[in-house]
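A.B. asks: I'll drop the sequence and a predicted model, then ask my questions.
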Amino acid sequence: MVVFSTSLCFISGSGQERANEVSDDFQRLYYTANDLYERGKFEDAIQVLTRITTIRPDWALAHNALCVSYTRGGHPNRAIRACKRALSLEPDFANPYFNLGVIYDSQGRDKEALVALRRAITLQPDNPAAAYTLAGVFVDLDMPEAAIQEYQHVINDYPNYENAYYGLAALHYKLSDYKGAAETLQKVIRLMPNNIVGRTNLGFVYIAQRKFREAVKILSEAIRRDPSAAEAYQFLGCAYFHLDEKKRALEAFQSAVQLQSQHAESRYFLGFVAMSLGKRDRAIEQFKALEALDSVLAKKLYLIIYQDKVINVDQARRSP
């Protein structure tokens, strides 16, 4: 998840002092860029910030804001140049280091991300987003112990920073430590009882542990709290299928598809369960929809539907 330490707002410390040094006209322009950015008009924000940095090339805060806008506007290389320009003007400015770390991480430049994020944390130790992003870099570098330590550091110091729980749970799951993943997600649910993502992910982990009844219970609660939780319906369908409650599984997958019609996995499972119940027409309907969404899953469902007779794809498309 890409998170920036600032959303084009004035920051504390030397950056704020620099902001106070510029004229009222430049501050008004900066706030205009901020408003454009917050409304998702990144290209317009870039134009305003470019104007500012052209006239006031020594304002590090504006270059950093330009970095953020370039990144959200899909121009990562320009963003990197803007961040480096900000740092050339103010070497101890933490935000550009953090933003560089995020950009490098998104590009798979893990070692460069590591250096930038460590520098950001040195300059700004109270930035949980930097520590969280650093943990993700450790995961990418196959350094799980360091990643766990960093995630735990964020959780201990910032117990309401929920992304750290998800990152730690995902790492435990990756390491096949399903117990650790479940315990981490249970903590975030205790802290935030209305948390739907935590409940949905816990249901997924319970399925991996083959605790299907527990999965049904937690996923049903997630859906009760948020009837639009499509992923919870998908996992609920999986849990019901493992319990051999195929009609309930079919209903759950159907709900997932109704909520998220472009989700290929839900359509695949819906077709799969439909076939297991002898509902061939419904399975064929999902196969046809899958062709435009995921050719690999479409082929898998095709083989399940037509395993009992020789038929080519064109014939399958023409089937009722």
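C.D. replies: That came through, no problem.

A.B. asks: Let me see the contact set for residue 196.
C.D. replies: Contacts for residue 196 were tallied using Cβ atoms under 8 Å, 6 or more residues apart in numbering; they are 222, 225, 226, 229, 232. C-beta here means a position set from N, CA and C on the backbone, and glycine is covered the same way.

A.B. asks: try it again with 7 Å
C.D. replies: 222, 225, 226, 229 (Cβ atoms under 7 Å, 6 or more residues apart in numbering).

A.B. asks: Look up how far residue 234 lies from it.
C.D. replies: Distance, residue 196 to residue 234, by Cβ to Cβ, to the nearest Å: 14 Å.

A.B. asks: In contact with residue 286, which residues are there?
C.D. replies: When contacts are taken as Cβ under 7 Å, 6+ apart, residue 286 is in contact with 267, 270, 271, 274, 301.

A.B. asks: One more: residue 125?
C.D. replies: Contacts of residue 125 (Cβ under 7 Å, 6+ apart): none.

A.B. asks: Tell me both backbone torsions, phi and psi, for it.
C.D. replies: Backbone torsions for residue 125, taken as degrees, to the nearest 10, come to phi -60, psi -20.

A.B. asks: What separation is there between it and residue 265?
C.D. replies: Distance from residue 125 to residue 265, by Cβ to Cβ: 41 Å.

A.B. asks: Give me the distance between the helix or strand hosting residue 25 and the centre of its chain.
C.D. replies: For residue 25, the host element (DSSP states H and E) is helix 24-38. Centre-to-centre, helix 24-38 and its host chain are 29 Å apart (Cα atoms, centre = their mean, to the nearest Å).

A.B. asks: so residue 169 touches residue 178, yeah?
C.D. replies: No. Applying Cβ atoms under 7 Å as the test, residue 169 and residue 178 come out as separate, 9.8 Å apart.

A.B. asks: When those two are compared, which one has more neighbours?
C.D. replies: residue 169 (27 against 18; other Cβ atoms under 10 Å).

A.B. asks: Could you say whether residue 154 sits in a helix, a strand or coil?
C.D. replies: The local conformation at residue 154, judged by DSSP: H, G, I helix; E, B strand; the rest coil, is helix.

A.B. asks: Please name the residues that touch it.
C.D. replies: Here residue 154 is in contact with 128, 131, 132, 161, 164 (criterion: Cβ under 7 Å, 6+ apart).

A.B. asks: Please report the distance of residue 81 from residue 71.
C.D. replies: As judged by Cβ to Cβ, residue 81 and residue 71 stand 12 Å apart.

A.B. asks: Those two: who's more crowded?
C.D. replies: The neighbour comparison of residue 81 against residue 71 (other Cβ under 10 Å) goes to residue 71, with 22 against 15.

A.B. asks: which parts of stretch 112-122 are buried?
C.D. replies: Neighbour counts over stretch 112-122 (16 or more other Cβ atoms under 10 Å) mark 112, 113, 114, 115, 116, 117, 119, 120, 121 as buried.

A.B. asks: what do you get for stretch 80-89?
C.D. replies: 80, 82, 83, 85, 86, 87, 89.

A.B. asks: Would you format the residues you listed as a markdown table with distance to residue 182 and pLDDT included?
C.D. replies: As requested, the buried residues of stretch 80-89 are exported to a markdown table (distance: Cβ to Cβ, whole Å; pLDDT from 0 to 100):
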| residue | distance to residue 182 | pLDDT |
| --- | --- | --- |
| 80 | 39 | 97 |
| 82 | 43 | 96 |
| 83 | 39 | 95 |
| 85 | 46 | 96 |
| 86 | 43 | 96 |
| 87 | 42 | 96 |
| 89 | 48 | 95 |
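
A.B. asks: Make CSV from the residues you listed and add distance to residue 186 and secondary structure to it.
C.D. replies: Below are the buried residues of stretch 80-89 laid out as CSV (distance: Cβ to Cβ, whole Å; DSSP: H, G, I helix; E, B strand; the rest coil):
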residue, distance to residue 186, secondary structure
80, 40, helix
82, 42, helix
83, 39, helix
85, 46, helix
86, 42, helix
87, 42, helix
89, 47, helix
